[in-house]
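Trainee: pasting a predicted model and its sequence here:
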Amino acid sequence: MTVEVKKHYVYISGSIKKVSDNINILPLCKTLSNKLLSNDFFLVSAAGSHIGNYIFGAVLKYLEENNYEQIRKRLIIDPIPNSLEKSEIEKHRIRLLSKYKSIIFISGGSGTREEYKLAKKLNLELIPIPYTGGEAKNIFDELKKNNLTDLTVLEKEVEINKIVDTVIHTLTGKRG
C-alpha cells in the first residue's frame, strides 16, 4: 500500500539589521531548517536580510549531506525586488503568500510586519518565534493578547531545540 504524502511548504519571514545583534539566530535557523527538511517540509523565503542567507545556507548544507539532488524542489527563493513600488510589493507578497499554509516569523522589521498582516488576511497558520525579538516578538505578543495562538509555551523559551521542536510539533500536528 502506497501512502501519498502531501507536500507542506513553510514560508519563513524575517530579517535582522546586524548579525551581531542576534548571534543565536544562526543556530536557530540551522536547527529549524534541518528539522523542517527531515520532517519532509519544503522551505520558502523571500530572502530577508541575513535570515534568508542563514536559511539558504543551512538548507543547502543539509541537502548536500543527505544526498538530495533536487535542491530546487525543497527550497524556493522568491525575493522581493527593491525596485518595486509599494503597491507592487504588496501584490507580490499576496501572490507569494497565497500559495502556502504556514508562515514562521523570525525577528524582522517592517517587511515582516507587512507579511504578517497579509498572512493573517489569507488565513495562514502564524508561527512567530518571540525568542528572536523584532517583529516576531511583537506578532507573538499581539496574537497572545487576542488569544489567537496556542504557542504560549514559546513565550519565554530560549533553548533552541525546544523552540524548534515546538514549531515542528505545531506544523506536523496540522499537516494535511
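Mentor: That came through, no problem. Residues are numbered from 1 along each chain as shown.

Trainee: which secondary structure element is home to L96?
Mentor: L96 belongs to helix 86-97 when assigned by DSSP states H and E.

Trainee: which residues are contacting that helix?
Mentor: The contact list for helix 86-97, computed with C-beta atoms under 8 Å, 6 or more residues apart in numbering, reads 11, 44, 46, 78, 80-81, 84, 103, 114-115, 118-119, 122, 124. C-beta coordinates here come from the backbone N, C-alpha and C atoms, glycine included.

Trainee: what about 10 Å?
Mentor: Helix 86-97 is touched from outside by 11, 13, 44-46, 76, 78-85, 103, 111, 114-119, 121-122, 124, with contacts defined as C-beta atoms under 10 Å, 6 or more residues apart in numbering.

Trainee: ChimeraX command to pick out the buried ones of the residues you listed?
Mentor: Buried subset of those, written as a ChimeraX selection, criterion 16 or more other C-beta atoms under 10 Å:
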select :11,13,44,45,46,76,80,103,111,114,115,116,118,119,124
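
Trainee: show me the contacts of helix 86-97 that map onto strands.
Mentor: Y11, S13, V44, S45, I76, I103 (DSSP state E).

Trainee: the fifth one and L43 touch, don't they?
Mentor: Yes. Here I76 lies in contact with L43, judged by C-beta atoms under 10 Å, at a distance of 7.1 Å.

Trainee: anything in contact with each of those two?
Mentor: Each of Y9, Y11 lies in contact with both I76 and L43 under the rule C-beta under 10 Å, 6+ apart.

Trainee: okay, helices next: where are they in this structure?
Mentor: Shown for the chain, the helices assigned by DSSP state H span residues 25-38, 51-65, 71-74, 86-97, 110-121, 134-145, 160-173.

Trainee: comparing these, which yields the minimum mean pLDDT?
Mentor: Lowest mean pLDDT within these: helix 71-74, a mean of 70.

Trainee: pull the number of nearby residues for R113.
Mentor: By other C-beta atoms under 10 Å, the residues close to R113 number 16.

Trainee: in contact with it, which residues?
Mentor: S13, F105, G134, E135, N138, I139.

Trainee: count of residues packed around the second one?
Mentor: Around F105 there are 28 other residues, counting by other C-beta under 10 Å.

Trainee: how close does it get to S83?
Mentor: The gap separating F105 from S83 is 25 Å, by C-beta to C-beta, to the nearest Å.

Trainee: list the contacts for the residue lying closest to K30 once chain neighbours are set aside?
Mentor: The shortest distance from K30 to any non-neighbouring residue, by C-beta to C-beta, 6 or more residues apart in numbering, is to A58 (4.1 Å). Going by C-beta under 10 Å, 6+ apart, A58 touches 26-34, 36-37, 43, 75.
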